[in-house]
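Colleague: Okay, here's the prediction I keep looking at, along with the sequence it came from:
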Amino acid sequence: MKSSNIGGQAVMEGIMMRHEEEYSIAVRTPDNEIKVKVEPYKSFIEGKKLRRVPIVRGVISFIDSLVVGMKCLLYSASFIEEDEEEKAERAKKEQKMTAEELERHREKEKKQESAMMYGVVALSVVLAVAVFMMLPYFLTDLMRRVTDTVWILSITEALVRVAIFLAYLILISRMKDIQRTFMYHGAEHKCINCIEHGMELNVENVLKSSRLHKRCGTSFLFFVIIVSAILLMFVQMDSRILRIVVRLLLVPVIAGVSFEIIRLAGRSENPFVNALSKPGLALQRLTTREPDAAQAEVAIAAVEAVFDWRAYLRENFGYTDTGVSGNPEATGASRQVG
């Protein structure tokens with residue numbers, strides 16, 4: 001199976017898909033239409049050379065994903081219907097403005113939205129580091145009164161980190177709104193698996209594809225836990241302050257190494273790599289749900305906006321207008337949405 005190099009994420013009532021230098025956002029609106037928006041993908045790092053350096057590219061990709069992901073979430077949230085009173089109040093205010101004032105007002109709103117987006121991204125990173133990196137350390141540090149054996153402390157810290165991560169996933173998976181987002185997450189994976197297994201991209205084929213994928217962000221977070229446990233086992237300091245500083249400094253390295261592992265996993269069918277991927281795939285059963293046909297349509301619309309799946313199937317599976325040669329499962333008319 002050759003990687004399609006397409007990836008994405010679920011948003012509110014929709015899906016973002018990215019391929020090469022573009023990304024799309026497909027959203028199911030309250031009036032049951034599918035709105036698709038395509039934007040150029042711009043990294044916060046201008047030069048492409050740095051984005052090709054192993055480990056460094058992982059850190060850049062992680063930050064880019066947070067920024068683009070937040071943009072897409074804000075865009076999808078804009079389709080949520082406002083309360084009638086809020087609509088009337090907004091319209092009343094805008095009616096009193098001149099064309100110039102209205103333009104300035106909207107420009108100000110855009111700047112506020114942008115500032116809020118970067119603020120939320122920064123806060124998310126701080127909270128993630130605090131909860132998943134520092135909290136396990138402080139809880140494990142209490143054990144130093146009992147033992148100072150390095151490997152016992154390292155394994156305990158890793159287990160505490162896993163327990164916190166699992167508790168977080170189980171907690172949010174019980175929220176009704178999050179469950180719908182997890183259904184879109186499943187639709188995103190199913191679309192990619194459908195293509196990468198040589199099947200035509202239509203609702204029927206998407207729904208019968210797997211909702212688990214090795215390149216998922218859930219698997220990435222699992223590898224972060226494993227990589228951090230291994231690295232921190234070899235980095236020991238007598239000073240508590242130094243131990244905290246080292247953990248903070250290693251966050252980008254851990255993210256970069258984890259990115260390289262998941263990148264390899266997405267391109268390899270090596271038995272050892274597949275075995276490494278299994279725990280992350282198991283965790284995806286918590287972060288994905290089986291989507292319905294309407295959600296599959298949204299996912300297909302997002303894919304087709306940025307990715308020529310027919311060309312991919314022609315190159316890798318001998319696709320023709322009558323289907324995929326040598327693949328009896330990959331039949332059925334293709335479906336254009338959006």
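Modeller: Noted; the coordinates are in hand. Residues are numbered from 1 along each chain as shown.
Colleague: Over to stretch 28-44 now: how far is its first residue from its last?
Modeller: Stretch 28-44 has its terminal residues 29 Å apart, counting by CA to CA, to the nearest Å.
Colleague: chain center to that stretch: distance?
Modeller: With CA atoms, centre = their mean, to the nearest Å as the basis, stretch 28-44 stands 16 Å off its chain's centre.
Colleague: How is Leu242 assigned, secondary-structure-wise?
Modeller: Classification of Leu242 by DSSP: H, G, I helix; E, B strand; the rest coil places it in helix.
Colleague: Hmm, I typed the wrong one, I wanted Ser43.
Modeller: Per three-state DSSP, Ser43 ends up coil.
Colleague: Give me the nearest residue to it, chain neighbours excluded.
Modeller: Asp64 (5.1 Å; CB to CB, 6 or more residues apart in numbering). Placement of C-beta: from N, CA and C, glycine included.
Colleague: What does the pLDDT read for that neighbour?
Modeller: On pLDDT, Asp64 comes in at 90.
Colleague: what does the one 4 residues further on give?
Modeller: At Val68 the predicted local distance difference test score is 91.
Colleague: which one is it nearest to, not counting chain neighbours?
Modeller: Excluding its sequence neighbours, the residue lying closest to Val68 (CB to CB, 6+ apart) is Tyr23, at 6.3 Å.
Colleague: Val235 too?
Modeller: Spatial nearest neighbour of Val235, chain neighbours left out: Val246 (5.5 Å); criterion: CB to CB, 6+ apart.
Colleague: on that earlier part again, what's across from the residue nearest to Val68 in the sheet?
Modeller: Arg18, Glu39 (DSSP bridges).
Colleague: List the contacts of it.
Modeller: By CB atoms under 8 Å, 6 or more residues apart in numbering, the residues touching Tyr23 are 8, 16-17, 38-39, 41, 68, 72, 306.
Colleague: cool, and Val306?
Modeller: With CB under 8 Å, 6+ apart, Val306 has these contacts: 6, 17-20, 22-24, 38.
Colleague: Distance check, it against Glu33.
Modeller: From Val306 over to Glu33 the distance is 19 Å, taken as CB to CB, to the nearest Å.
Colleague: Please apply the same query to Phe165.
Modeller: 37 Å.
Colleague: So which of the two has more stuff around it?
Modeller: Using other CB atoms under 10 Å as the criterion, Phe165 and Glu33 rank with Phe165 on top: 19 against 11.
Colleague: On the pLDDT front, check that one for me.
Modeller: pLDDT recorded at Phe165 is 91.
Colleague: any idea how far Ile226 is from it?
Modeller: Here Phe165 is placed at a distance of 11 Å from Ile226 (CB to CB).
Colleague: again, but for Leu127
Modeller: 21 Å.
Colleague: Tell me which stretches of the protein form helices.
Modeller: 56-77, 84-95, 99-129, 135-141, 150-173, 176-196, 203-207, 217-234, 240-267, 271-287, 293-306, 309-317 (DSSP state H).
Colleague: Count the neighbours of the residue nearest to Val235 for me.
Modeller: Val246 has 15 neighbours, counted by other CB under 10 Å.
Colleague: hey, which helix or strand in the protein has the poorest pLDDT?
Modeller: When each helix and strand of the chain is scored by mean pLDDT, DSSP states H and E, strand 323-324 comes last, with a mean of 62.
Colleague: so who does Val129 touch?
Modeller: The contact partners of Val129, by CB under 8 Å, 6+ apart, come to 248, 251.
Colleague: give me that answer again for 7 Å
Modeller: Val251 (CB atoms under 7 Å, 6 or more residues apart in numbering).
Colleague: any idea how far it is from Leu169?
Modeller: 18 Å.
Colleague: go on, Arg145?
Modeller: Per CB to CB, Arg145 is found 31 Å from Leu169.
Colleague: repeat for Asp177
Modeller: Going from Asp177 to Leu169 by CB to CB gives 15 Å.
Colleague: Then Val150?
Modeller: Distance of Val150 to Leu169, computed by CB to CB: 29 Å.
Colleague: more crowded one of those two?
Modeller: Between Val150 and Leu169, Leu169 has the larger neighbour count (other CB under 10 Å), namely 16 against 12.
Colleague: Spatially nearest residue to that one (excluding sequence neighbours)?
Modeller: Nearest residue to Leu169, sequence neighbours excluded (CB to CB, 6+ apart): Leu286, at 4.6 Å.
Colleague: How many neighbouring residues does the one you found have?
Modeller: Count around Leu286 with other CB under 10 Å applied: 15.
Colleague: Now do stretch 219-230: distance to the chain's middle.
Modeller: Relative to the chain's own centre, stretch 219-230 is displaced by 16 Å; criterion: CA atoms, centre = their mean.
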